[in-house]
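Visitor: Need a 3D model of the sequence below.
(chains A and B)
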Amino acid sequence: MALAKRIIPCLDIDDGRVVKGVQFVDIRDAGDPVAVARRYDQQGADEITMLDISASHQGRDTMVQTVAQIASQVFIPLTVGGGIRTCEDIRRMLNAGADKVSINTAAIKQPEFVRQAADQFGCQCIVVAIDAKDISGSDEPSRWEIFTHGGRQATGLDAVCWAEKMVHLGAGEILLTSMDQDGMQNGFDLPLTRTISKAVSVPVIASGGVGNLDHLVQGVLQGKADAVLAASIFHFDEYTIPQAKGYMALQGIEMRL
Amino acid sequence: MKSVAVIDYGMGNLHSVAKALEHVAPRTRVWVTSDAVKIRSADHIVLPGVGAIRDCMAAICHLGVDVIIAEVIGHKPLLGICVGLQALVQHSSENGGVNCLGHLPGSAHCFSNGYGLESAGLKVPHMGWNQVIQQPHCLWQNIADWSRFYFAHSYFVQSDQSQVVAGQCHYGLDFAVALARDNVFAVQFHPEKSQLAGLTLLNNFLAWDGS
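Guide: Numbering: from 1, shown residues only, chains lettered A, B, ... in the order given. Below you'll find the model as predicted:
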């Protein structure tokens, strides 16, 4: 008997629509976040993460409604990220039905925000998202730096120290994305994932780079991730969640089947 | 029309619990409330909770929820969830030690406090889907033994009175994840977030008369 490793499909949502393309063969409107979330729920996803990439205020208001609609039909944990800057933002999302929020840029601008948020809402609902890039030279041991703005802006922050600091301030989970691997479908940055996972006491969700089911297995067995997040391999029906879980279980990973 | 009161004492996410109850019982009125009159008049009562136990207990006492619970506890089916379970036991070691309501025998302890989880590579919080070993109780009806439920907690409950333990889990050590006595059933996991198994438990709770 053991805690299962989790598979978390991720939806990027812009102004109430799923973007980056979702093409399930058997749902009528693949851009509708509620339809997509329901589909993942029925397939046995362990959680769902939704990232709001709307640029406008209107888009962010729409996100609250989207979360509320999904939360009234999908009864697995929901994490919402994107544009979470204040405790009021968190409250709005939790009231809409989110279980956790993911904080990224706001934590970098003001680390104390993480402490405030954890104090007010409990660390179990505060996920800190870390976007890291390998900045080591070819002969050096690996070093990773935190980047913002989709990997364009360096912060000078060391990823391992930053992860430790975020946990110290109250992060209950780390959502770790390799900006080198994101979108490449070549697999997670396993040394990064393993290094962060060993450095912190809280669960780490590996993200960025999944292109096939072996990548999910590697994330857990080699990267020591507690959960794996993926978007495109599930969105395009390339693999279903049950397929992924079955495959991981065959490799000896504890899964909720 | 039957009614269920989800006690709102300002701690945490009540939307999920209310939505899940509405989903399993569309013909039941679901109140999210701290109003004593409403809670007294409801057929079923849910005591949820997230966050730190000191804040939870302070809010429970400040709003007089402790008095209401003491009053209804012998009369109506009551379901505690997560910190709601921890509030119902006698004591928690969180926040330097907090006395809880004491309606169930047991106490809450921290996973990261000398139980060797770290050396076993186990993360705290205990977060995700774990298996529950059931003891016979009507709230487990139609839920397979060893079914997985969703957990998110850093403190766990133990009870030296095995007859009240209705469910157990293992994460580095064995601990109680469901305590039951008379018309009280309290769980560490989140049935409202545990998909079919969780919704079935909520449905069983609403069908339960407390005996």
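Visitor: Distance check, residue B:3 against residue B:28.
Guide: 6 Å (C-beta to C-beta, to the nearest Å). To be clear about C-beta, it is placed using only N, CA and C from the backbone, and glycine gets the same treatment.
Visitor: which residues do these two both contact?
Guide: Residues touching both residue B:3 and residue B:28 do not exist when contact is defined as C-beta atoms under 8 Å, 6 or more residues apart in numbering or on different chains.
Visitor: in chain B, which residue is closest to the centre?
Guide: Within chain B, one residue has its C-alpha closest to the average C-alpha position: by C-alpha atoms, centre = their mean, that is residue B:81, at 2.2 Å.
Visitor: Contact partners for the closest residue to that one other than its chain neighbours?
Guide: Closest residue to residue B:81 in three dimensions, ignoring its sequence neighbours and counting by C-beta to C-beta, 6 or more residues apart in numbering or on different chains: residue B:48, at 4.6 Å. Taking C-beta under 8 Å, 6+ apart, we find residue B:48 in contact with B:6-7, B:11-14, B:17, B:80-84.
Visitor: And the pLDDT for residue B:48?
Guide: Per-residue confidence for residue B:48 comes out at a pLDDT of 92.
Visitor: Buried residues, the host helix or strand of residue A:114. List them.
Guide: Per DSSP states H and E, residue A:114 falls inside helix A:112-121. Of the residues in helix A:112-121, those scored as buried under the neighbour-count criterion (16 or more other C-beta atoms under 10 Å in any protein chain shown) are A:113-121.
Visitor: I'd like the residues you listed laid out as a markdown table, including pLDDT.
Guide: Supplementary listing: the buried residues of helix A:112-121 in a markdown table, determined by pLDDT from 0 to 100:
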| residue | pLDDT |
| --- | --- |
| A:113 | 98 |
| A:114 | 98 |
| A:115 | 97 |
| A:116 | 95 |
| A:117 | 94 |
| A:118 | 93 |
| A:119 | 88 |
| A:120 | 86 |
| A:121 | 87 |
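Visitor: Chain B: which of those is nearest?
Guide: Chain B has its nearest neighbour among the buried residues of helix A:112-121 in residue A:121, at 6.6 Å by C-beta to the nearest C-beta.
Visitor: Let me see the contact set for the closest one.
Guide: Counting by C-beta under 8 Å, 6+ apart, residue A:121 makes contact with A:87, A:90-91, A:94, B:12, B:50-51.
Visitor: same check, this time on residue A:99
Guide: Under the criterion of C-beta under 8 Å, 6+ apart, the contact partners of residue A:99 comprise A:77-79, A:125, B:13, B:16, B:152, B:193.
Visitor: so of those residues, which ones are in strands?
Guide: Using DSSP state E, A:78-79, B:152 are the members of these that sit in strands.
Visitor: Report the buried members of the residues you listed.
Guide: Of these, these count as buried by 16+ other C-beta under 10 Å: A:78-79, B:152.
Visitor: with the residues you listed in mind, which one is nearest to residue A:39?
Guide: Nearest to residue A:39 among those: residue A:78, at 14.5 Å, using C-beta to C-beta.
Visitor: and the one helix or strand residue A:163 maps to, what other elements does it pack with?
Guide: Counting by DSSP H and E, the secondary-structure element that holds residue A:163 is helix A:159-169. Judged by 3 or more C-beta pairs under 8 Å, 6 or more residues apart in numbering or on different chains; DSSP states H and E, the packing partners of helix A:159-169 are helix A:112-121, strand A:126-134, strand A:144-148, strand A:173-178, helix A:190-199.
Visitor: how does it look with 7 Å?
Guide: Contacting helix A:159-169 under the criterion 3 or more C-beta pairs under 7 Å, 6 or more residues apart in numbering or on different chains; DSSP states H and E are the following elements: helix A:112-121, strand A:126-134, strand A:144-148, helix A:190-199.
Visitor: returning to that earlier point: so which of the contacts of residue B:48 comes closest to residue A:159?
Guide: Checking these against residue A:159 by C-beta to C-beta gives residue B:13 as the nearest, at 30.1 Å.
Visitor: one step back: please tell me how far the helix holding residue A:114 is from the chain's geometric centre.
Guide: Relative to the mean C-alpha coordinate of its chain, helix A:112-121 is positioned 19 Å out (C-alpha atoms, centre = their mean, to the nearest Å).
Visitor: the inter-axis angle of that helix versus helix A:159-169?
Guide: Here helix A:112-121 runs at an angle of 30 degrees relative to helix A:159-169 (axes from the mean of the first three to the mean of the last three C-alpha atoms, to 10 degrees).
Visitor: rewinding a little: out of the contacts of residue B:48, name the two that are farthest from one another.
Guide: Pairwise distances across these (C-beta to C-beta) peak at 15.3 Å, for the pair B:13 and B:80.
Visitor: which residue ranges form the helices in chain A?
Guide: A:33-43, A:57-71, A:87-96, A:105-109, A:112-121, A:159-169, A:190-199, A:213-221, A:232-235, A:241-250 (DSSP state H).
Visitor: Quick one: closest of those helices to residue B:204.
Guide: Each of the helices of chain A was checked against residue B:204 via C-beta to C-beta, and the shortest separation belongs to helix A:33-43, namely 20.9 Å.
Visitor: ok, and what's touching the closest one?
Guide: A:9, A:11, A:13, A:18, A:22, A:24, A:27, A:29-30, A:48, A:50, A:66, A:69-70, A:73-74, A:76, A:240-242 (C-beta atoms under 7 Å, 6 or more residues apart in numbering or on different chains).
Visitor: re earlier: local confidence estimate at the residue nearest to the centre of chain B?
Guide: 96.
Visitor: who's it bridged to?
Guide: Judged by DSSP bridges, the bridge partners of residue B:81 are residue B:187.
Visitor: pretty sure it contacts residue B:190?
Guide: Yes - using C-beta atoms under 7 Å, residue B:81 is in contact with residue B:190, at 6.5 Å.
Visitor: returning to what we had before: and the helix holding residue A:163, how far out from the chain middle?
Guide: Shown here is helix A:159-169, whose average C-alpha point lies 17 Å from the average C-alpha point of the whole chain (C-alpha atoms, centre = their mean).
Visitor: now stretch B:103-119: mean pLDDT?
Guide: Per-residue pLDDT values across stretch B:103-119 average out to 92.
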